[in-house]
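[1] Provide a 3D model corresponding to the input given below.
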Amino acid sequence: MFLVDGMGYLTALARTDLSGDVNYTDRNIVEKLFQTYTMRIGRFHETWNGSQASAQRWLTAYTAYYNHHRNHQALDNQPPVEALKQRGSI
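    Numbering: from 1, shown residues only. Model (predicted):
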């Protein structure tokens, strides 16, 4: 994706078969993902007072929960591992 400005940009886009329309759908999904990570990391830092080893255990347990047990609305209320199994990706 690139942005153009100045005189004649519509002509330049037409000559290269580009429409000039901008679609931010994928960008919005990524932004939401980073917002969620930032929020959860912030909560983690506000409440954590353990050692590095215990943090590693907690993160491992959270990853297992998130990928194997937590239902995701975007995946038809299935955990990611189950959705990937159905698609044949695992």
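
[2] In this structure, where is pLDDT below threshold?
    Applying pLDDT under 70 to the chain flags residues 1-14, 17-24, 90.

[3] measure Y62 to W48 for me?
    12 Å (CB to CB, to the nearest Å). From N, CA and C alone the C-beta is placed, and that goes for glycine too.

[4] whoops, I mixed them up, D76
    Distance from D76 to W48, by CB to CB: 33 Å.

[5] residue nearest the centroid of the protein?
    The residue lying closest to the centre of the chain (CA atoms, centre = their mean) is L33, at 3.7 Å.

[6] Dump the helix or strand harbouring that residue to PDB, restricted to CA.
    Element membership for L33 (DSSP states H and E) is helix 25-47. Output of helix 25-47 as PDB, limited to C-alpha atoms (Å, rounded to 0.1, in the frame of the first residue of the first chain):
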ATOM      1  CA  THR A  25      -9.800  -4.100   7.500                       C
ATOM      2  CA  ASP A  26      -6.600  -6.100   8.000                       C
ATOM      3  CA  ARG A  27      -4.900  -3.200   9.700                       C
ATOM      4  CA  ASN A  28      -7.800  -2.800  12.200                       C
ATOM      5  CA  ILE A  29      -7.600  -6.500  13.100                       C
ATOM      6  CA  VAL A  30      -3.900  -6.200  13.800                       C
ATOM      7  CA  GLU A  31      -4.400  -3.000  15.800                       C
ATOM      8  CA  LYS A  32      -7.100  -4.700  17.900                       C
ATOM      9  CA  LEU A  33      -4.800  -7.600  18.600                       C
ATOM     10  CA  PHE A  34      -2.000  -5.400  19.700                       C
ATOM     11  CA  GLN A  35      -4.500  -3.400  21.900                       C
ATOM     12  CA  THR A  36      -5.600  -6.600  23.500                       C
ATOM     13  CA  TYR A  37      -2.000  -7.800  24.100                       C
ATOM     14  CA  THR A  38      -1.100  -4.400  25.600                       C
ATOM     15  CA  MET A  39      -4.100  -4.400  27.900                       C
ATOM     16  CA  ARG A  40      -3.400  -8.000  29.200                       C
ATOM     17  CA  ILE A  41       0.300  -7.300  29.600                       C
ATOM     18  CA  GLY A  42      -0.600  -4.200  31.600                       C
ATOM     19  CA  ARG A  43      -2.900  -6.200  33.900                       C
ATOM     20  CA  PHE A  44      -0.200  -8.800  34.300                       C
ATOM     21  CA  HIS A  45       2.400  -6.200  35.400                       C
ATOM     22  CA  GLU A  46       0.000  -4.600  37.800                       C
ATOM     23  CA  THR A  47      -0.700  -7.800  39.600                       C
END
